[in-house]
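J.: Sequence and predicted structure, then a few things I'm wondering about:
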Amino acid sequence: MAKYKLEYLWLDGYTPVPNLRSKTLVKEFANFPALDALPQWGFDGSSTQQAEGRSSDCMLKPVAVFPDSTRRNGAIVMCEVMMPDGTTPHPSNTRSTILDDPGAWFGFEQEYFLYQDGRPLGFPTVGFPAPQGPYYCGVGFKAVGDLARKIVEEHLDLCLDADINHEGINAEVAKGQWEFQIFGRGSKRAADEVWVARYILNRLCESYGIDVEYHCKPIRGDWNGSGMHANFSTHYMREKGGKTYFEALMAAFAENVEEHIAVYGPDNHLRLTGLHETQSIDKFTYGLADRGSSVRIPHSFMNNGYMGYLEDRRPNSQGDPYQIASRILKTISSVPTP
Ligand code: ADP
Ligand code: MN
Ligand code: MN
Ligand code: MN
């Protein structure tokens, strides 16, 4: 038997975007615990905007478990917040609103800035660095500095150790801006892993005195904002698809622009301007390989006769991937499959 350190992770009740919260449960197991061996656990919801002080208990229901290589016998336990009965989802529990669909696949591209002393890592104390151009996938101290790559590499290793399905990382268009991509099969998997990857990044950066800035437009002017493109496909899109279905799907997206934007992250009007590889927030367009459209159709989709995945470019870096996945599947499910 060994004492395991189980880091129970959940989303608090702050709006429009929840914060990550976590606390450690120490419990003895013979081996690394499986999900169904992990108990529900309570917390004080009055400190997280999830309950009144007089009746403050909320419950944490484990929904996914990941190894944590930074701690001896460590595990990260992603949880849903439940009412005191342990079975009713708390109103803040956005994960519970996602349709269960093992055939739904998501790939999220999380962009973010590393910040030091209130400005992007690598920005001079006064003024701005050289204009955008050399930073995207840049190499060398001038392009990406030294500390940033060290953090980004460490983050990747920690995530891979945790069995998070990273597909890649890259330096982004603005100085101090980075991206990681996570792909998951099943309607909730990629969203779970994005939240855990965010947790690991935030925690790693504590030790460097660095903040992670998830806001979608932290620097005004001619600097790219941060998105979280949501690539999605269903079993039907991958196996049947076709032009008629595709056009019906896009019509449903066009009819629900406001509903989608409402959960695609705060302040998105600052980012979705029609500039910097975005479409305006009030327009809905789609186009082949078009990074200025709301939904980009990959070449592979066209080459396969309207079959495969699509990229919704509107979700932003601060969005809750649970709400994003939930909304996309809701719109898809409103379109009948012939
Ligand atoms: P880009 O920056 O050109 O938009 P990326 O390589 O950063 O492209 O991201 C593409 C994303 O598409 C990846 O996250 C990948 O996992 C995802 N993806 C690929 N195939 C599928 C699929 N069938 N269903 C859902 N997502 C997919
Ligand atoms: Mn990308
Ligand atoms: Mn990108
Ligand atoms: Mn993209």
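T.: Noted; the coordinates are in hand. Ligands and ions are numbered 1, 2, ... in the order given.

J.: any idea how far the closest residue to Asn73 other than its chain neighbours lies from Val63?
T.: Using C-beta to C-beta, 6 or more residues apart in numbering and skipping residues adjacent in sequence, the residue nearest Asn73 is Tyr4, 4.7 Å away. For glycine as for every other residue, the C-beta is placed from the backbone atoms N, C-alpha and C. For Tyr4, the distance to Val63 (C-beta to C-beta, to the nearest Å) stands at 18 Å.

J.: out of the two, which sits in the busier spot?
T.: Tyr4 (22 against 16; other C-beta atoms under 10 Å).

J.: C-alpha coordinates for the helix or strand harbouring the more buried one, CSV please?
T.: If you go by DSSP states H and E, Tyr4 is part of strand 2-11. Taking C-alpha atoms only, strand 2-11 is exported to CSV below (Å, rounded to 0.1, in the frame of the first residue of the first chain):
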residue,chain,number,x,y,z
ALA,A,2,1.1,3.6,-0.6
LYS,A,3,-0.3,6.9,0.3
TYR,A,4,-1.4,8.6,-2.9
LYS,A,5,-1.7,12.4,-3.3
LEU,A,6,-4.9,13.0,-5.2
GLU,A,7,-5.3,16.5,-6.5
TYR,A,8,-9.1,17.0,-6.9
LEU,A,9,-9.6,19.7,-9.6
TRP,A,10,-12.8,21.6,-10.3
LEU,A,11,-14.2,24.7,-11.8
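
J.: helices and strands around it, which ones?
T.: When contacts are defined as 3 or more C-beta pairs under 8 Å, 6 or more residues apart in numbering; DSSP states H and E, strand 2-11 packs onto strand 20-29, strand 57-68, strand 74-82, helix 189-206.

J.: and the residue of the stretch 1-150 of the chain found nearest ligand 1, what helix or strand is that in?
T.: Evaluated by C-beta to the nearest ligand atom, the stretch 1-150 of the chain has Gly107 as its residue closest to ligand 1, separated by 2.5 Å. Secondary structure from DSSP H and E places Gly107 in strand 105-116.

J.: Over to Ile219?
T.: Using DSSP H and E, no helix or strand contains Ile219.

J.: Can you identify each of the helices in this protein by residue range?
T.: Assigned helices in the chain, in chain order: 141-144, 147-161, 189-206, 235-239, 243-255, 257-262, 268-271, 299-303, 321-333 (criterion: DSSP state H).

J.: thinking again about what came up before, let me know which of the helices and strands packed on strand 2-11 is the nearest to ligand 4.
T.: Ligand 4 lies closest to helix 189-206 among those, at 13.9 Å (C-beta to the ion).

J.: Does ligand 1 have contacts with that closest one?
T.: No. Using C-beta under 6 Å from any ligand atom, helix 189-206 never reaches ligand 1; the gap is at least 8.0 Å.

J.: Now do Glu52, the pLDDT please.
T.: Predicted confidence (pLDDT) for Glu52: 86.

J.: wait, isn't Ala75 in contact with Lys5?
T.: Yes. Counting by C-beta atoms under 8 Å, Lys5 is a contact partner of Ala75 at 7.2 Å.

J.: Return every residue with contacts to both of the two.
T.: Common contact partners of Ala75 and Lys5 (C-beta atoms under 8 Å, 6 or more residues apart in numbering): Asp68.

J.: Mind checking which of the two has more residues around it?
T.: The neighbour comparison of Ala75 against Lys5 (other C-beta under 10 Å) goes to Ala75, with 23 against 16.

J.: List the beta-bridge partners for the closest residue to the more buried one other than its chain neighbours.
T.: Residue nearest to Ala75 in three dimensions, not counting chain neighbours: Leu6, with 5.1 Å by C-beta to C-beta, 6+ apart. According to DSSP bridges, the residues that bridge with Leu6 are Leu25, Ala75.
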